[in-house]
Structure formats: C-alpha cells, structure tokens
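Colleague: What follows is a predicted protein model with its sequence.
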Amino acid sequence: MWDGLLDHMLGVLIRKGTLYVHLPGGRVLRHGDGTAPQVTVHLKDPDLVAKLVRNPDLHVGEAYMNGTMTIDGDDLYAFLKLMICNFAATNPVWWQRSLNTARSALRHLSQFNPVQRARANVAHHYDLSGALYDLFLDVDRQYSCAYFKSTGDTLEQAQAQKKAHIAAKLRLQPGMRVLDIGCGWGGLALTLARDYGVRVLGVTLSEEQYKLANARALRAGLADRVEFRFTDYRSVTGIFDRIISVGMFEHVGAPHYREYFRHVEEKLDNDGVALIHTIGRSRPPGVSSQWMLKYIFPGGYVPAISEMMKAVEKEGLLTCDVEVWRLHYAETLRIWHDRFVANIDRARAIYDERFCRMWRYYLLSMRVCFEVGLQVVYQVQLSKKLDTVPIIRDYLYQDLSRVEILRDTAAE
C-alpha cells in the first residue's frame, strides 16, 4: 500500500526533471519528463516509505541525515533543486493538503516564544561550537545575507558591503546611541562604533555570542563605545537614536510581531531610524518546515511582508523604505556550503558524520529556496516622521561611495 501511495504522490508532484527511486523491496519508481536534472535515490529502510508518504518535509531530511536515503554521487544539491522546484510549482496530494491545513491552524503554537523559550531556541543553534562557524563564515562572523555588488566579490567584500549599506540607511552621526537587536558575535556593532563613531548596545540570547562579542570589543579597544548584554530585547530600557536588527526577526514568531514593533516604537527617538533586515517569504503567510524547526531553528518562522507590515502599521511606525534582495542569499549560502565542505573533516572532528549531513542539508535547502524565489531578504526602514530620511533614495549610494573612498584612503 505504502509503495503505491508514494508512487502516486511523486506522480502528482514531479513534473520537470527526472527522479528514480529504488525502493527497499527492489522496485524502481520513475517520475518526471525525462529532462535534467536526473537524480537517483535509494531508500534503505522499509519503514521509510510510509514516513515519506505521511510527512515528506520532515522525513526526507531525516533519512538523508541518517543514511537511510542515499543519492547517487551524493548530489544533494541536484536532488533538492529537483524536489523543491517541483513541490513549489504543484499542489500537494489530498492527504497532504489536510495535514497542511492542520499545521496552519496550529502554527502559532510552534511560534510562541516568550523569553525563556526564546533563549532555549537561540541556544539550540547559536551556542554550537564556535569552531564550527569558523569553518564557513567570513572573518567577521557575519551570519546573515551578504550584499554582492558584482559577481567577482568575495564573501568578505560582500559582507563589508552589507554593513556599509546598512549604515547608509541608518544615517549615522558620531555620538548617536544605537540598539542592535540580535547582535550575533558583534561584528556589525563593532564596525558601526569604529567607522561611524556611534555608541552601540548589542543584545543576544546566545551565551557563546555574548562571550565572544565582549572579547572582541576588548581586543579592538572599543569596550568604552560598545556594550553587549546577554538579555532579551524586551528587557532593554532607554531611548535610542537608531535601532538595527539583522537576521533576528526570523526568530520572533508571528504571535509576537506587534510586541516586537511596539518595543521598537517605544525605544526609538522621535527623530530616530530603525532598520529591520530579515529573510522573508515571497508568498502569502504559511508554516515553517518541520525539519527546520526540529533540527535547525526551533521556534523560527520566515515572515511574509504582509505579516510584518500589518504589525508595523498598528504600532504607529512609518515605513520609509522597503528593499528586496533577490539571489544575494543564494550566493551567500553557496559560498558557506562550499567552505563547509572544504573543511568537512574538521567538522566531523567537532561533531560527527550525521551532523555534517544535517548541516549540508540545511545550507543547500536554504540556497535552493532563494534560487527559486520562495524566499528573499527584506530590509524595512522605519521612522516616526515623514522627513527623518531623504525622500530620494540616492543618498544611500552617495554614502556608500564616501565609505569606500575613506577605506581605500586608509588602506593606502
């Protein structure tokens, strides 16, 4: 029965490309139009077929991690490209539609993130060994989308360009007080303090990030201008000239969107500017991948822009600018994956083979989602007054040119 249901499901879903599935009993399924990519997988566990029929989103990733599903040539990228492109273009089979409806109805439960739960969710991912992140991130440990101005940009260049672009949108002046919500390992806060003369308070719920960020501030001689706290943004008091949040909004959860923007509004000076940089879905609101929730980002959710803006509007903030980055994160993830694979023996020494397969699945599945347009990056610039920032966007690129000239001069 389960073999027949899997055959039917794949027949409905796989329309472009070609998929061969070798079942545990020896039967081979073939689906698609015969074109590339052509991918062959082997299911090695008799129980896996039923699991895939019931919940492919969760069990495909688990099977790859556990080695109960193998791919010829270990071409995980081709497999994910084939599957995600087809799943995005077709409707699920009838029993999956029923399950998806139930998951949508319950999605707010998985995204309910009070402070203690938010702290545990952050620790799950960001308190992994620091040596792991050194294997694939740039030297500044920027763990968010880089900004590629040309195809020849290195990851380090693109991450520096991302920070300069953010700084231009913030319209920084020396002495300003900046709140960095979800400061990571401190790279952006330290850059803003060093290059723009501002004072920064960075907050994180990761102990590892908090420790390293403080150590970096001391080494850089910036501890008098940058303060890092191990605390939730909801616990911060005071008024700030600028508020920045990069790659943190994905961890807030839809039930907390109004709470989040209420805190931004309350903490932002009347002449202030806030910038929220987040992964976003390019389709209507949905549900998070169950595999991603279980293994990578518990409590996480990629927002639709409509969900964000509804909360912004109700909390009295004005939207000055919305910029959509397309394909920048796909390129960032490509480089991260290639660096991780180049250092995979070191990764195995830190964790094990199963972890390495999990991490590759995470990086490559995310890359494909950006390549096919399911996800983009949104930068939403907010203020309390209409005239806080210039009404013509040219100022962004004038400021970027100024930063590049200053850096070129300093290098000489």
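Modeller: Arrived safely, thanks for sending.

Colleague: just the helices in the stretch 101-250 of the chain please.
Modeller: Under the criterion DSSP state H, counting those that start in this stretch, the stretch 101-250 of the chain contains helices at 107-110, 115-126, 130-134, 155-170, 187-196, 207-219.

Colleague: Figure out which of these is closest to residue 335.
Modeller: Closest approach to residue 335 among the helices of the stretch 101-250 of the chain (CB to CB): helix 155-170, 4.8 Å. The C-beta positions use only the backbone N, C-alpha and C, and glycine is treated the same way.

Colleague: re earlier: worst average pLDDT in the helices of the stretch 101-250 of the chain?
Modeller: Lowest mean pLDDT within the helices of the stretch 101-250 of the chain: helix 107-110, a mean of 70.

Colleague: where are the low-confidence patches of the protein?
Modeller: Low-confidence segments of the chain (pLDDT under 70): 94-95, 97-107, 109, 399-412.

Colleague: where along it do the strands fall?
Modeller: Ranges of strands in the chain, per DSSP state E, are 18-22, 28-32, 38-43, 69-71, 177-181, 199-204, 226-230, 240-246, 268-281, 318-325, 375-383.

Colleague: Could I get the ones you listed in TSV, plus columns for distance to residue 398 and mean neighbour count?
Modeller: Compiled in TSV, the strands of the chain are given as follows (distance: least, CB to CB, whole Å; neighbours: other CB atoms under 10 Å):
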stretch	distance to residue 398	mean neighbour count
strand 18-22	50	18
strand 28-32	50	16
strand 38-43	48	19
strand 69-71	49	17
strand 177-181	21	24
strand 199-204	24	24
strand 226-230	27	20
strand 240-246	19	24
strand 268-281	16	21
strand 318-325	15	16
strand 375-383	16	22
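
Colleague: out of these, nearest to residue 215?
Modeller: Nearest of the strands of the chain (CB to CB): strand 226-230, 9.7 Å.

Colleague: tell me what the closest one is packed against?
Modeller: helix 187-196, strand 199-204, helix 207-219 (3 or more CB pairs under 8 Å, 6 or more residues apart in numbering; DSSP states H and E).

Colleague: Note down every partner strand of the shortest one and its orientation.
Modeller: Pairing partners of strand 199-204, with direction, according to DSSP bridges: strand 177-181 (parallel), strand 226-230 (parallel).

Colleague: now the angle from the last one to helix 187-196?
Modeller: Following axes from the mean of the first three to the mean of the last three CA atoms, to 10 degrees, one obtains 170 degrees for the angle between strand 226-230 and helix 187-196.

Colleague: How far off centre is strand 226-230?
Modeller: 23 Å (CA atoms, centre = their mean, to the nearest Å).

Colleague: hmm, back to that, now the helices of the stretch 101-250 of the chain as JSON lines including mean neighbour count and distance to residue 55?
Modeller: As requested, these are exported to JSON lines (neighbours: other CB atoms under 10 Å; distance: least, CB to CB, whole Å):
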{"stretch": "helix 107-110", "mean neighbour count": "15", "distance to residue 55": "15"}
{"stretch": "helix 115-126", "mean neighbour count": "17", "distance to residue 55": "21"}
{"stretch": "helix 130-134", "mean neighbour count": "15", "distance to residue 55": "28"}
{"stretch": "helix 155-170", "mean neighbour count": "21", "distance to residue 55": "35"}
{"stretch": "helix 187-196", "mean neighbour count": "22", "distance to residue 55": "38"}
{"stretch": "helix 207-219", "mean neighbour count": "18", "distance to residue 55": "32"}
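
Colleague: As CSV, these with distance to residue 232 would be great.
Modeller: Formatted as CSV, the helices of the stretch 101-250 of the chain follow (distance: least, CB to CB, whole Å):
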stretch, distance to residue 232
helix 107-110, 19
helix 115-126, 5
helix 130-134, 22
helix 155-170, 22
helix 187-196, 17
helix 207-219, 12
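
Colleague: Compare those and give me the one nearest residue 326.
Modeller: Shortest distance between residue 326 and the helices of the stretch 101-250 of the chain, using CB to CB, is found for helix 155-170: 14.6 Å.

Colleague: Show me what that closest one is packed up against.
Modeller: Against helix 155-170 (3+ CB pairs under 8 Å, 6+ apart) you get helix 187-196, strand 240-246, strand 268-281, helix 328-342, strand 375-383, helix 394-411.

Colleague: Pick out the residue nearest the middle of the chain.
Modeller: With distances taken as CA atoms, centre = their mean, residue 279 lies nearest the centre of the chain, 5.4 Å away.

Colleague: So it sits against residue 329, correct?
Modeller: Yes. Counting by CB atoms under 8 Å, residue 329 is a contact partner of residue 279 at 7.1 Å.

Colleague: can you list residues touching both of the two?
Modeller: Both residue 279 and residue 329 are in contact with 145, 375-377, where contact means CB atoms under 8 Å, 6 or more residues apart in numbering.
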